[in-house]
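>>> model this:
(one chain, ligands or ions: 2)
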Amino acid sequence: MSVVPAPLDNNSCDTAIRASFLHFIADPDQRGDACEYFEDGLMILKQGRIQMLVDAAEWIDYLPDGCALYDYSGRLVMPGFIDTHCHYPQTEIIASYGMQLLDWLQQYTFPTEEKFAERDHADKIAAFFCDQMLANGTTSSAVFATVHPQSVDAIFEQAQQRGLCLIAGKVMMDRNAPPQLCDSAESSYRDCSELIQRWHLKGRAYYAVTPRFAPCSSPAQLEVCGQLLDENPDLYLQSHVAENRAEVDWVARLFPHSRSYLDVYDGYGLLGPRSIYGHCIHLDQEDRERMAASGAAMAFCPTSNLFLGSGLFSLEDATELNIRVGIATDVGAGTSFSMLQTLAEAYKVCQLAGQQLTPLKAFYLATLGAAESLYLDHRIGNFALGKEADFVVLDLAPTELMQCRMDNASTLEERLFALMMLGDDRCIQATHIMGRRQYSRAI
Ligand code: GUN
Ligand code: ZN
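Residues are numbered from 1 along each chain as shown. Ligands and ions are numbered 1, 2, ... in the order given. Below you'll find the predicted structure:
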């Protein structure tokens, strides 16, 4: 039975969007009715926040004069994608040939990160990176800067100009890296404290304490990380763990008294809610139980893990233990800014591991699941009342091949699967941040 619509007025509505809508209210692995779909829906916004999501036919005649209407009929609108782990300074070295993690860092990553001593370079790459996010429908990201504090200012400023929601931090490393890229325990404490004051909780900005990974931080610096977390409420922590076998062996030699790689971080108080760990491939059962109990998140980086030959992430183990998981591009070891391409590679990683990734679970991991993993689901991740209206407008058939495949798809799930396997930035018709259109694809 449908409700008789009350007239809307300008107090409850300044913007409306007509389209097909899909969003998640739970993990599809946990609940059968985890998603909501409107074939012809109307989303009503007030000051960039969701007021309601309803059937268009019932409500379209009641929009007040002066309410802006975006008519995306025939397109699919989903919550903006959320990238839980990436490196903006590595944009220029994406797709660099032929190496696994530790050699790749030496050969490509460190040299390109040295360029961020120049503020102009940082501004240029940060602007380009944020534009790539928008062109791929990504509206929130957890981002590594470089060791240079000004590289953090650059990315927060560019994100702020576009309204993006961003978690970011200065990379901390005081050993096993070129001297130009090394800070010290003391200087990193001072730099991070200043950056936290300047950026943390300002609008849509969140600061993350960002030790690159255990091999590049001395015990004294890891202690500083714990101290920063103790001193500042609601900070994030982001790092890498158990990505590559040679890396894991190196950590065992550097920290002989720790039970495991993850245990190194745990020993310094770096494992808890709002801790985000990239990769999490070579973990054991005890590590996984510790991740689950701590409330920390795993960032699943499929294109990167395949590209660097790092190994296969076990989504099944994470799901069984109820560990928070978000999907991540890990640009520039990751090979695409496209969340659709990233989901395609996630599906293939699961196939190689003898596991499943349904299309619904995949899009959950890129939206609400990622928001939950980052403890941001009170603000973003779906179209629930009061949330910030970040969304992506998807064209499911921008190419002849996709049109041919969509013509032969009979269910929503089939279309979603074809979208993630065949889609890329050509599918992103528009990206909206808090209701406002920030990107529109030129045709
Ligand atoms: N481990 C330490 N630093 C990095 C990095 O920049 N990228 C990846 N993929 N792994 C890392
Ligand atoms: Zn990374």
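>>> how about the CA coordinates for stretch 196-216, as PDB?
The C-alpha trace of stretch 196-216 is given here as PDB (Å, rounded to 0.1, in the frame of the first residue of the first chain):
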ATOM      1  CA  ILE A 196      46.800  17.100  13.100                       C
ATOM      2  CA  GLN A 197      46.100  20.600  14.500                       C
ATOM      3  CA  ARG A 198      45.700  22.000  11.000                       C
ATOM      4  CA  TRP A 199      43.600  19.300   9.400                       C
ATOM      5  CA  HIS A 200      42.100  16.700  11.700                       C
ATOM      6  CA  LEU A 201      38.300  16.900  11.800                       C
ATOM      7  CA  LYS A 202      38.200  20.100   9.700                       C
ATOM      8  CA  GLY A 203      35.200  19.600   7.500                       C
ATOM      9  CA  ARG A 204      35.600  16.300   5.700                       C
ATOM     10  CA  ALA A 205      39.300  15.900   6.600                       C
ATOM     11  CA  TYR A 206      40.600  13.200   9.000                       C
ATOM     12  CA  TYR A 207      44.300  12.800   9.900                       C
ATOM     13  CA  ALA A 208      45.900   9.300   9.800                       C
ATOM     14  CA  VAL A 209      49.100   8.500  11.600                       C
ATOM     15  CA  THR A 210      51.000   6.900   8.700                       C
ATOM     16  CA  PRO A 211      54.100   4.800   9.400                       C
ATOM     17  CA  ARG A 212      54.900   3.400   6.000                       C
ATOM     18  CA  PHE A 213      55.500  -0.100   7.300                       C
ATOM     19  CA  ALA A 214      57.400  -1.700  10.100                       C
ATOM     20  CA  PRO A 215      60.800  -2.100   8.200                       C
ATOM     21  CA  CYS A 216      61.000   1.600   7.700                       C
END
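>>> any part of it near ligand 1?
Yes - Stretch 196-216 is in contact with ligand 1 by CB under 6 Å from any ligand atom, via 212, 213. Quick note: C-beta positions are derived from backbone N, CA and C, even for glycine.
>>> buried ones in that stretch?
196, 199-200, 204-216 (16 or more other CB atoms under 10 Å).
>>> what about that stretch, near ligand 2?
No - if you take CB under 5 Å from the ion as the test, stretch 196-216 misses ligand 2, and the best it gets is 8.6 Å.
>>> check the offset of that stretch from the chain's centre.
Centroid separation for stretch 196-216 versus its chain: 15 Å, with CA atoms, centre = their mean, to the nearest Å.
>>> average pLDDT across that stretch?
On average, the pLDDT along stretch 196-216 is 98.
>>> show me the shaky parts of this protein.
Applying pLDDT under 70 to the chain picks out residues 1-7.
>>> interface residues of it facing ligand 2?
Residues of the chain found near ligand 2 (CB under 5 Å from the ion) are 278, 330.
>>> which residue is nearest the middle of the chain?
residue 83 (1.4 Å; CA atoms, centre = their mean).
>>> can you pull the contacts of that one?
Neighbouring residues of residue 83 by CB atoms under 8 Å, 6 or more residues apart in numbering: 133, 138, 140, 141, 142, 327, 328, 329, 339, 370.
>>> many thanks, we can stop here.
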